[in-house]
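Engineer: Model the structure of this input:
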Amino acid sequence: MHNRKPLCEFYLDRLREKLKQFTTLVEIPPVPWGYSYMVALTHDVDITSVTVALLFNP
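Structural biologist: Sure thing, here's the model as predicted:
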């Protein structure tokens, strides 16, 4: 088991530090207050299968 922070969290922390040097940073939580998850519905799904994608884009 390792104690390292995930790489994306490391880069997000660095980005936050840089942004705070130039502006006020206001972050929106990833889930609504009082909930443990959220769902986002989108109509922007064109191809849902790698197999289908390979058939249409040889």
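Engineer: Roughly how far does the nearest residue to residue 38 once chain neighbours are set aside sit from residue 39?
Structural biologist: Closest residue to residue 38 apart from its sequence neighbours, by Cβ to Cβ, 6 or more residues apart in numbering: residue 31 at 4.8 Å. Every residue, glycine included, has its C-beta placed from N, CA and C. The gap separating residue 31 from residue 39 is 10 Å, by Cβ to Cβ, to the nearest Å.
Engineer: Could you do residue 28 as well?
Structural biologist: 16 Å.
Engineer: ditto for residue 15
Structural biologist: Residue 15 sits 26 Å away from residue 39 when distances are taken as Cβ to Cβ.
Engineer: more crowded one of those two?
Structural biologist: Neighbour count, other Cβ atoms under 10 Å: between residue 15 and residue 39, residue 15 has more, with 11 against 5.
Engineer: what's near enough to touch the more buried one?
Structural biologist: Residues in contact with residue 15 (Cβ atoms under 8 Å, 6 or more residues apart in numbering): none are found.
Engineer: for this protein, what spans make up the helices?
Structural biologist: Assigned by DSSP state H, the helices in the chain fall at 7-22, 50-56.
Engineer: Pick out the shakiest of those helices, pLDDT-wise.
Structural biologist: Among the helices of the chain, helix 50-56 carries the lowest mean pLDDT, at a mean of 64.
Engineer: Good, wrapping up.
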